[in-house]
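Asks: compute the structure for the input listed below.
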Amino acid sequence: MNIPLKENERLDDLQNGYHIIQNTRDFCYGIDAVLLSDFARVKKGEQALDLGTGTGIIPILLKAKTQGEHFTGLEIQEQSAEMAGRSVVYNHLEDAITIRTGDIKEATAIFGRASFSVVTCNPPYMHGNHGLTNPHLPKAIARHEILCTLEDVISQTAQLLKPRGRFYMVHRPFRLAEIMRLMMQYKLEPKRMRLVYPYVDREPNMVLIEGLLGGNSRITVEKPLIVYEKPGVYTQEIREIYGDGR
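Replies: A predicted model of the protein is given here:
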């Protein structure tokens, strides 16, 4: 299908049969989204929601990786949501993926309580006043808690999930104590966690976490995930996650 690209847009091959439209001036997806889609589990017949979906990368990757029945992406920035919608059309996924424009803080009002078996999120990592805010607004919104907070994500997720529904998130380890506290406050019991290290001898810079709504208190800490063997060279496991032999 021929979908015209707008100024500063490009069409990227995801190496899984699908493509995605991205704007090079705005926030493009990174390895965190790829790792989250690999960590998340969506079972046959389940419906999943991605909060703050951006370009729609996570719903598209989950469609390729899982047997979920339907995937929805919620995005507050109209330009990003429109671009994600065009990617869905380009890939002929209109029956499998829906993109909605809306605010994470109003997600329960938009979709209703207990509407999804799975919720995923790759949220802004930084507090609104933490670090330098990117002067280009779309990038700043993606990286800093300008339009929503971590508590907004977790509290809405707890309402959106069906009983025993699952929440998957990628975040930064320096906020792990806050993440655990909020998840338990909203009855999203942490069940799986995996730390991601840029190199084997460095500190972790990402954490992947799964929560179960109403789950019992027991967490599995999975083996570390190492990204690079050396500068510019992915480890075998990362190459397998990408599935493109890079």
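
Asks: gap between the closest residue to D13 other than its chain neighbours and I110?
Replies: Distances taken as CB to CB, 6 or more residues apart in numbering put H19 closest to D13, at 5.6 Å, once the chain neighbours are dropped. To be clear about C-beta, it is placed using only N, CA and C from the backbone, and glycine gets the same treatment. H19 sits 28 Å away from I110, going by CB to CB, to the nearest Å.

Asks: could you pull out the strands for this structure?
Replies: Ranges of strands within the chain are 9-13, 19-23, 47-51, 70-75, 97-101, 116-121, 161-171, 188-197, 206-213, 220-221, 225-226, 228-230, 233-234, based on DSSP state E.

Asks: list the buried ones in the second one?
Replies: Of the residues in strand 19-23, 19-23 count as buried by neighbour count, 16 or more other CB atoms under 10 Å.

Asks: which one of those residues sits closest to L161?
Replies: The nearest member of the buried residues of strand 19-23 to L161, counting by CB to CB, is I20 at 26.6 Å.

Asks: who touches the top helix by length along the chain?
Replies: What stands out as the longest helix in the chain, according to DSSP state H, is helix 78-90. Residues outside helix 78-90 that contact it (CB atoms under 8 Å, 6 or more residues apart in numbering): 1, 3, 9, 11, 19-23, 26, 53-56, 60, 73, 75, 94, 97-101, 138.

Asks: for stretch 94-113, which positions count as buried?
Replies: Within stretch 94-113, the residues scored as buried using 16+ other CB under 10 Å are 96-101, 103-104, 107-108, 110-111.
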